[in-house]
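J.: Let me see the structure of the following:
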Amino acid sequence: MIRLISRGRFTQSYIKGLIEAPEDREPAVRKLVEAAGGRMIDFYFTTGESDFLMVAEGGDAESLLASMMAASAAGTITDVVTVRAWTGAEFKTVAAKASAAVSAYRAPGKH
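T.: Numbers count the residues shown, from 1 in each chain. All right, here's what the predicted structure looks like:
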């Protein structure tokens, strides 16, 4: 499974709508992620540089990115940043591949 972490900011339209009709947005976000073929693991409202943070997983990154694109198209979120995440065990596999490939690399200026 591919795991992505997305964070972003609310637009004035989002905040206005939420104030006019307060609701828990997590079910709506979960439904969107599932409709795009993913599974939401966690969703948080945050302070600081971003207003929300979501952890989702799916069989491919495209499905998860599609859900963020759909939400962004509504005009209620902006500045969305999505990064891939690995567990420690998953990243051990990445490190093992790097270990096997390291002898094939020549640093600049070395012959």
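J.: measure the nearest residue to Arg30 once chain neighbours are set aside to Ser13 for me?
T.: Distances taken as Cβ to Cβ, 6 or more residues apart in numbering place Met40 nearest to Arg30, at 4.6 Å, with adjacent residues excluded. C-beta: built from backbone N, CA, C; applies to glycine. Taking Cβ to Cβ, to the nearest Å as the measure, Met40 falls 22 Å from Ser13.
J.: Over to Thr78?
T.: Taken as Cβ to Cβ, the span from Thr78 to Ser13 is 10 Å.
J.: Likewise for Arg84?
T.: As for Arg84, its distance to Ser13 is 29 Å (criterion: Cβ to Cβ).
J.: Looking at these two, which has the bigger crowd around it?
T.: Between Arg84 and Ser13, counting by other Cβ atoms under 10 Å, Ser13 is the more crowded of the two (13 against 10).
J.: Could you say which helix or strand holds the more buried one?
T.: Per DSSP states H and E: Ser13 is located in helix 12-20.
J.: By mean pLDDT, which helix or strand of the protein comes out lowest?
T.: Of the helices and strands making up the chain, the lowest-confidence element is helix 61-73, at a mean of 91, by mean pLDDT, DSSP states H and E.
J.: and the helix or strand just after it, what does it pack onto?
T.: Stepping forward along the backbone from helix 61-73, the first helix or strand reached (DSSP H and E) is strand 77-85. Packing partners of strand 77-85 (3 or more Cβ pairs under 8 Å, 6 or more residues apart in numbering; DSSP states H and E): strand 2-10, helix 61-73.
J.: among the ones you listed, which is nearest Ala89?
T.: For the helices and strands packed on strand 77-85, the distance to Ala89 is smallest for strand 2-10, at 12.3 Å, taking Cβ to Cβ.
J.: That concludes my questions; thank you for your assistance.
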